[in-house]
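Student: this is a predicted model, with the sequence first.
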Amino acid sequence: EVASAKAKEATDLKEECENDLAEAIPALEAALAALDTLKPADITIVKSMKNPPGGVKLVMAAVCVMKDAKPDRINDPANPGSKIVDYWGPSKKLLGDMSFLNSLKIYDKDNIPVHIMKKIRQEFVPNPEFDPNKVKNASSAAEGLCKWVLALEIYDRVAKVVAPKKEALREAEILVNKLMETLDEKRAELAAVEAKLTALKESLREKKEKSTDCDSALIPLL
């Protein structure tokens, strides 16, 4: 009964994890599909932009954050003497890397640093301009990259919920395996006892038959 209860608990946990991930996996697959549609030429177009649209700069800033690329500090054109952070310089460096797109496809989605996702959620996700449908007018590459960032945000959020459940599932499965091993041992012990009992019963039956035969043989002599 204990083994059955624990096995059901493990099954329920597994289903719960799968249901939680059902939200994230489609978005992640869609984002990877979006990356697959991008061609090196699309990236080159963005890289060569002298004065990129705001949507393109916004998306590339988010990509820089995801890659943990630090921004430049440049003079603020609206406030002489002050400095502002600017991601376009680091963006062009990323875009110039021949392995840029592949690095996004193999991005370690299960271990995104907390400070990165905190910045994405605070500065980009709530921004109404950070929208694939809006930035696609400026660049198809920006559209795909925007989808990628948003999908990873969803995946990370769900993964953080699923992680402790996965650990509980792992522990439950270990316990179930141990209980099943113990149960198998007890069953084997019971089978051995039953075999001995059967052998004893058979031996007793044989002795009784011999005793009956002896009694039958003695009756004519009396």
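Tutor: Arrived safely.
Student: now the strands: where do they sit in the protein?
Tutor: 72-75, 83-86 (DSSP state E).
Student: kindly reformat those strands as TSV and extend each row with mean neighbour count, mean pLDDT and distance to residue 178.
Tutor: (Each C-beta comes from the backbone N, C-alpha and C, glycine too.) Below are the strands of the chain laid out as TSV (neighbours: other CB atoms under 10 Å; pLDDT from 0 to 100; distance: least, CB to CB, whole Å):
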stretch	mean neighbour count	mean pLDDT	distance to residue 178
strand 72-75	12	88	56
strand 83-86	13	89	54
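Student: out of those strands, nearest to residue 210?
Tutor: Of all those, the one in closest proximity to residue 210, counting by CB to CB, is strand 83-86 (101.7 Å).
Student: give me the sheet partners of that closest one and which way each runs.
Tutor: Partners of strand 83-86 in the sheet, by DSSP bridges, are strand 72-75 (antiparallel).
Student: ok now the strand it pairs with, how far from the chain's centre?
Tutor: 38 Å (CA atoms, centre = their mean, to the nearest Å).
Student: list the contacts of that strand.
Tutor: 82-90 (CB atoms under 8 Å, 6 or more residues apart in numbering).
Student: so which of the strands of the chain comes closest to residue 140?
Tutor: Once these are compared by CB to CB, strand 83-86 is nearest, at 23.8 Å.
Student: can you report how many residues lie near residue 142?
Tutor: Residues near residue 142, counting by other CB atoms under 10 Å, number 25.
Student: name the nearest residue to the residue nearest to the spatial centre of the chain, ignoring sequence neighbours.
Tutor: Taking CA atoms, centre = their mean, the centroid of the chain lies closest to residue 159, which sits 5.9 Å from it. Nearest residue to residue 159, sequence neighbours excluded (CB to CB, 6 or more residues apart in numbering): residue 110, at 6.3 Å.
Student: need the pLDDT of the one you found.
Tutor: We have a pLDDT of 86 for residue 110.
Student: all set now, cheers.
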